[in-house]
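[1] sequence-free structure coming up:
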């Protein structure tokens, strides 16, 4: 019998109230991202469809479901999960910091912490009963801009703990968990294979690939929970063992529908929306032409591309399809010892209509202004 838990959002509400008083670019950005729809809970979205298929799998019928805050403590997200002190995910160039101690969650795996605080879960474990749950929703990571990535996306995590007197979790359990997810999303005839992988909080770990149109595509990762991680959660690793998996839901949905652009998952165009169903191969809705513009500039060497991509998103919104690094080089004599030159190619494309040159030029001018105003860049003319 599965239970459903919802963690108190009181602390999150206080942090959002403090955010409301701020008007700096990062605060405005964070407030916007938090206000975006959670597609994993939106009926009719293929993101929600993936979740429902997985939760409805008979193999996971006894796993609980927990909904946790979107603003969480950094130490819970990183320290408890064995992320090294120098791990890139901890940096402000990869993660959105609400303040010095709190972040927008970078993974739904953080639910382990909250789940183990539930009195009913504690009681089950005291009795030696197995426990496990799912958590899903929006997660946030600063990222590159292309057709497969967004800095706001959705993830689903599952994990299961069992007393070692009853069972020892191993590779076969990982494979069975991944097979259950794959079959739930892609059907019982799905072709799959496994490869070794590495995650901070599991060992051994596996990745699963599925075959689609003659190509093998990575879709899922799983692992045996490290004893060191269990101990940090106050669980005796000599007594308990478990598996865990986590995956971006967009990836699962896009592979199923052969969707060419992640932005389509957010589309309100009825011609697009009616096609967004798992297993339905997406057909382009009159693909509109792209407009390409290059931008070259010289900046200080402490320039952080991920922060720049965020500013491009702010200025260009959904009209920016990709940002590709074309060139990066230093020339102390020409630019100065502490300077570096970048050239990016920005592809603009509207999903619903043809973008005009005038509209693209206006967007590009905004991005040039951001480059000089916010990053101290000096625009170079080819």
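    Done, it's in. Since we're looking at a predicted model, the values are computed, not measured.
[2] Could you use CA atoms for every contact and neighbour count after this?
    Fine.
[3] now the strands: where do they sit in the stretch 1-150 of the chain?
    4-6, 64-67, 71-73, 102-104, 131-140 (DSSP state E, counting those that start in this stretch).
[4] These into JSON lines, with extra columns for distance to residue 322, mean neighbour count and mean pLDDT?
    As requested, the strands of the stretch 1-150 of the chain are exported to JSON lines (distance: least, C-alpha to C-alpha, whole Å; neighbours: other C-alpha atoms under 10 Å; pLDDT from 0 to 100):
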{"stretch": "strand 4-6", "distance to residue 322": "37", "mean neighbour count": "13", "mean pLDDT": "97"}
{"stretch": "strand 64-67", "distance to residue 322": "33", "mean neighbour count": "20", "mean pLDDT": "98"}
{"stretch": "strand 71-73", "distance to residue 322": "28", "mean neighbour count": "20", "mean pLDDT": "98"}
{"stretch": "strand 102-104", "distance to residue 322": "24", "mean neighbour count": "21", "mean pLDDT": "98"}
{"stretch": "strand 131-140", "distance to residue 322": "19", "mean neighbour count": "24", "mean pLDDT": "97"}
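[5] now those strands as CSV including distance to residue 44?
    CSV is the format used below for these (distance: least, C-alpha to C-alpha, whole Å):
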stretch, distance to residue 44
strand 4-6, 22
strand 64-67, 20
strand 71-73, 26
strand 102-104, 26
strand 131-140, 15
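[6] quick one, longest helix in the chain?
    helix 357-375 (DSSP state H).
[7] Given whichever helix or strand comes after that one, what are its sheet partners and their directions?
    Using DSSP states H and E, the helix or strand that follows helix 357-375 towards the C-terminus is strand 378-380. In the sheet, strand 378-380 lines up against strand 291-300 (antiparallel) (DSSP bridges).
[8] contacting residues around the partner strand?
    Here strand 291-300 makes contact (C-alpha atoms under 8 Å, 6 or more residues apart in numbering) with 335, 338-349, 355, 357, 360, 364, 368, 375-382.
[9] and what of stretch 20-40?
    16, 19, 45, 47-49, 51, 70, 96, 98, 136-138, 152, 154, 314.
[10] Pull out the buried members of those residues.
    Buried members of the contacts of stretch 20-40, counted by 16 or more other C-alpha atoms under 10 Å: 16, 19, 45, 47-49, 51, 70, 96, 98, 136-138, 152, 154, 314.
[11] which among those residues gets closest to residue 229?
    Of all these, residue 136 has the smallest distance to residue 229: 20.8 Å, by C-alpha to C-alpha.
[12] in the stretch 151-300 of the chain, which segments are predicted with low confidence?
    Scanning the stretch 151-300 of the chain for pLDDT under 70 picks out 286.
[13] quick one: the helices in it?
    171-186, 227-232, 249-257, 270-273 (DSSP state H, counting those that start in this stretch).
[14] wait, which of these is closest to residue 86?
    Across those, closest to residue 86 is helix 227-232 (C-alpha to C-alpha), at 17.7 Å.
[15] in that closest one, what counts as buried?
    Result for helix 227-232 [16+ other C-alpha under 10 Å]: buried residues 227-230.
[16] for stretch 192-206, same thing?
    For stretch 192-206, by 16+ other C-alpha under 10 Å, it's 192, 199-206.
[17] possible to save the residues you listed as TSV with distance to residue 253?
    Shown next, in TSV, are the buried residues of stretch 192-206 (distance: C-alpha to C-alpha, whole Å):
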residue	distance to residue 253
192	16
199	23
200	25
201	25
202	25
203	27
204	27
205	23
206	20
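[18] nearest to residue 283, of those residues?
    Distances from residue 283 to the buried residues of stretch 192-206, taken by C-alpha to C-alpha, are shortest for residue 192, at 25.3 Å.
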